[in-house]
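Q: What would the 3D arrangement of this be:
(chains A and B)
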Amino acid sequence: MIQTDILVVGAGPAGLMAAIMAARSGCRVILLERACYLGGQLVKQTHKFFGSKAEHAGERGIDIARLLVNDMEQTKGVTTWKNATVLGYYPDGVLTVKREDQFIKVKPKKVIVATGASEKTLAFPNNDLPGIYGAGAVQTLMNVYGVVPGKRMLMVGAGNIGLIVAYQLLQSGVEVAGIVEAGPAVGGYCVHAAKVQRAGVPIYTSHTIQRAFGGDSLEGVTICKLDEQWKKIPGTDQDLAVDGLCLAVGLTPLTELLWQAGCQMVFVPELGGYVPRRTPYLQTTHPDIWVAGDVSGVEEASVAMVEGIIAGLTAAGQLTHLSPQLNKALLEADEQLKALRSGPITAKIRAGIQKALVPFAHQTRLEEVV
Amino acid sequence: MLTPQGLPLPETLAASLPPAERLEQGAVAIFECFQKIPCNPCADACPRGAIKIESDINECPRLDYDLCNGCGVCLAHCPGLSIFVVDYSYSPTEALVKIPYEFFPLPEPEETVAALARSGECIGEARIVKVQQMKNKTTILWLAMAKELTGQVRNIARRRKG
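A: Residues are numbered from 1 along each chain as shown, chains lettered A, B, ... in the order given. This next block holds a predicted model:
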């Protein structure tokens, strides 16, 4: 049995920041990552990030991953396990882990779950034809392994992921036949939408995918127009010849571990599905479990980094006394988070978080934490 | 106001332009950043302190046209690739437009390229004056073109050989 102060599950932007801050507080930290590399989805992001300098805005995701991993390696007290998957959380606070071919039991004092999110998909006839991918798979093929996923592709979804991956497809030399979006307007940042359109990619708002067709693999897709009630308008079918279809229709938090540990969960569509009830400082209803990043609600990577700081420091704050400097970092992170979520584009997120917060009487106030 | 596809309407574009007399004077940045999103690297990037974002990081940037000299540093730092530079004073017959560009292979200086509008439609041609490679891999292309095209051209396409 391995004992540690804090176990962080997932080494994406949230988990890396949580591990760094908890270790800076003087805690012994084990950071687990299922993949063979650290950085989570950041390593696939070739575009420059939004936000402010504090979240490395203006840098590309892949470079931010390097910065965070470098920071983590400079921080004493973090042990990293790659190729390590948590198998279960037990009532006595023991977690079982499969690391390479080993079975390991870990007993941490606190756990920070930063498992991220998984992709949603769409039901339509022939959606299992080869050539139909989720946007994450397309990014992994192109940006991690250097494999072009098709010659002419259609994107479904004009949120930030759909817009960004369409742009990355263009950069890889793939022709993008268009972006289909069921909603009446682009959901992602308009500047991303502008980038793909000036490269000649049409965006079909109020459109959906009817069906895919092909023999051994995808040969084309039928799309159609939707009315204001999101009902298909007869006679608007249009065939597009494509050998690749990329689905970017949203993400849902990866919460299995939280369910198993008995955290109270609540369904919040604005945050992508079931999310844990939590304090504003990311402690769940389980006294030893914190969350950070997309597992607490699907948002931007900049938010995930800041949530990692908050979860790392407040979890550590229950085991050790935080220095004045770290207290200040916590207060600054809290302000940063408010700023990132204060605009009109994050109105839905703000409404969603209100639904997930534990009732006021149970909230830990920041002044009590620090 | 933006279209459902996220592109600015003509009146939105017109309202965002520097005054005509400033445009005549020489190179100046044009911000096509119309949506309130949490972002401010442009303000940090400007060596002359000409770009201001209010205390709320979601506010759109405001440019001090007198301080801006059209150097183009902000173009490379904008995560949305939404800043351009226009210089009407480039020559008696041509104007210069600088655009951010992230595709390989890069065009060559003196190459003639297709000039694309915000919709991606080809609306004329432009000549590559300079290919300014930046540390962060967003290249800035300097394009010479007919003066009347400067309000519309925001991308290029290389002509296929042969």
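
Q: for residue B:95, which residues make a bridge with it?
A: Beta-bridge pairing for residue B:95 (DSSP bridges): residue B:145.

Q: quick one: contacts for it?
A: B:86, B:87, B:88, B:144, B:145, B:146, B:147, B:149, B:150 (C-beta atoms under 8 Å, 6 or more residues apart in numbering or on different chains). For every residue, glycine as well, the C-beta is placed using N, CA and C.

Q: same question, residue B:105
A: Contact partners of residue B:105, counting by C-beta under 8 Å, 6+ apart, are residue B:158.

Q: Quickly note the distance from it to chain A.
A: 10 Å (C-beta to the nearest C-beta, to the nearest Å).

Q: thinking again about what came up before, what is the nearest of the contacts of residue B:95 to chain A?
A: Using C-beta to the nearest C-beta, residue B:149 is the member of those that lies nearest chain A, at 13.8 Å.

Q: What ranges in the chain fall below the confidence cut-off?
A: Going with chain A. Where chain A drops to pLDDT under 70, the residues are A:359-370.

Q: meant chain B, my bad for not saying
A: In the predicted model, chain B carries pLDDT under 70 at residues B:161-162.

Q: Identify the spatial nearest neighbour of the residue of the stretch 251-370 of chain A found nearest chain B, chain neighbours not counted.
A: Among the residues of the stretch 251-370 of chain A, residue A:343 lies closest to chain B, at 3.2 Å counting by C-beta to the nearest C-beta. The shortest distance from residue A:343 to any non-neighbouring residue, by C-beta to C-beta, 6 or more residues apart in numbering or on different chains, is to residue B:58 (3.2 Å).

Q: Thought residue B:39 was touching the residue of the stretch 251-370 of chain A closest to chain B, still the case?
A: No. With contacts counted by C-beta atoms under 8 Å, residue A:343 stays clear of residue B:39, the gap being 9.5 Å.

Q: Mind listing the shared neighbours of the two?
A: residue B:57.

Q: If you count surrounding residues, which of these two has more?
A: A count of neighbours by other C-beta atoms under 10 Å in any protein chain shown puts residue B:39 above the other of residue A:343 and residue B:39, at 31 against 19.

Q: one step back: show me what contacts the residue nearest to residue A:343?
A: A:339, A:342, A:343, A:344, A:345, B:36, B:37, B:38.

Q: give me every residue that touches residue A:61.
A: By C-beta under 8 Å, 6+ apart, the contact list for residue A:61 reads A:41, A:42, A:43, A:44, A:45, A:46, A:47, A:49, A:301.

Q: Could you give the number of residues near residue B:160?
A: Other residues close to residue B:160 by other C-beta under 10 Å number 5.

Q: How about the secondary structure of it?
A: In three-state terms, and counting by DSSP: H, G, I helix; E, B strand; the rest coil, residue B:160 is coil.

Q: Could you check how far it is from residue A:211?
A: Using C-beta to C-beta, to the nearest Å, we find residue B:160 at a distance of 34 Å from residue A:211.

Q: tell me which element the closest residue to residue A:75 other than its chain neighbours falls in.
A: Closest residue to residue A:75 apart from its sequence neighbours, by C-beta to C-beta, 6+ apart: residue A:23 at 4.7 Å. For residue A:23, the host element (DSSP states H and E) is helix A:13-24.

Q: so after the helix or strand where residue A:195 lies, what's the next helix or strand?
A: Assigned by DSSP H and E, residue A:195 belongs to helix A:190-197. Using DSSP H and E, the helix or strand that follows helix A:190-197 in sequence is strand A:203-205.

Q: Grab the longest strand from the chain for me.
A: No chain specified, so I'll use chain A. strand A:102-113 (DSSP state E).

Q: my bad, chain B
A: strand B:122-132.

Q: buried sites along that one?
A: Using 16 or more other C-beta atoms under 10 Å in any protein chain shown as the test for burial, strand B:122-132 gives B:125, B:126, B:127, B:128, B:129.

Q: Run a quick neighbour tally on residue 148.
A: I went with chain A, as the question did not name one. 14.

Q: That was the other one, I meant chain B.
A: Count around residue B:148 with other C-beta under 10 Å applied: 9.

Q: One more: residue B:159?
A: Count around residue B:159 with other C-beta under 10 Å applied: 12.

Q: quick one: which of the buried residues of strand B:122-132 is nearest residue A:74?
A: Taking C-beta to C-beta as the measure, residue A:74 lies nearest residue B:128 of the buried residues of strand B:122-132, at 42.9 Å.

Q: partners of the closest one in the sheet?
A: With DSSP bridges as the criterion, residue B:128 is bridged to residue B:143.

Q: Chain A versus that one, what's the distance?
A: 17 Å.

Q: if I read this right, that residue contacts residue B:109, doesn't it?
A: Yes. Assessed by C-beta under 8 Å, residue B:128 is found in contact with residue B:109 at 5.4 Å.

Q: Given whatever helix or strand residue A:246 lives in, what are its sheet partners and their directions?
A: Using DSSP H and E, the element containing residue A:246 is strand A:244-247. Sheet pairing of strand A:244-247 (DSSP bridges) gives strand A:132-134 (parallel), strand A:152-156 (parallel).

Q: and the next helix or strand after that strand, which residues are buried?
A: Heading C-terminal from strand A:244-247, the first helix or strand you meet, by DSSP H and E, is strand A:251-253. For strand A:251-253, the neighbour count (16+ other C-beta under 10 Å) marks A:251, A:252, A:253 as buried.

Q: Hmm, the first one is touching residue A:115, no?
A: By that I understand residue A:251. No. With contacts counted by C-beta under 8 Å, residue A:251 stays clear of residue A:115, the gap being 12.0 Å.

Q: Please name the residues that touch residue A:332.
A: Applying C-beta under 8 Å, 6+ apart, we find residue A:332 in contact with residue A:54.

Q: if we go to 10 Å?
A: A:54, A:306, A:309 (C-beta atoms under 10 Å, 6 or more residues apart in numbering or on different chains).

Q: ok, those vs residue A:128, which is closest?
A: residue A:306 (38.8 Å).

Q: what's that closest one sitting at in phi/psi?
A: Dihedral pair for residue A:306: phi -70, psi -40, per degrees, to the nearest 10.

Q: how much space between it and residue B:120?
A: 36 Å.

Q: and what of residue A:110?
A: Computed as C-beta to C-beta, the residue A:110 to residue B:120 distance reads 51 Å.

Q: okay, those two: which has more neighbours?
A: More crowded of residue A:110 and residue B:120, by other C-beta under 10 Å: residue A:110, with 25 against 16.

Q: what about the helices in chain A?
A: Using DSSP state H, the helices of chain A run over A:13-24, A:61-74, A:135-139, A:160-171, A:190-197, A:256-260, A:301-317, A:324-340, A:347-356, A:366-369.

Q: Please name whichever of those helices is nearest to residue B:51.
A: Using C-beta to C-beta, the nearest of the helices of chain A to residue B:51 is helix A:190-197, at 15.5 Å.

Q: mind checking how far the closest one is from the chain centre?
A: 22 Å (C-alpha atoms, centre = their mean, to the nearest Å).

Q: Kindly report the same for stretch A:10-26.
A: Computed by C-alpha atoms, centre = their mean, the separation of stretch A:10-26 from the middle of its chain amounts to 16 Å.
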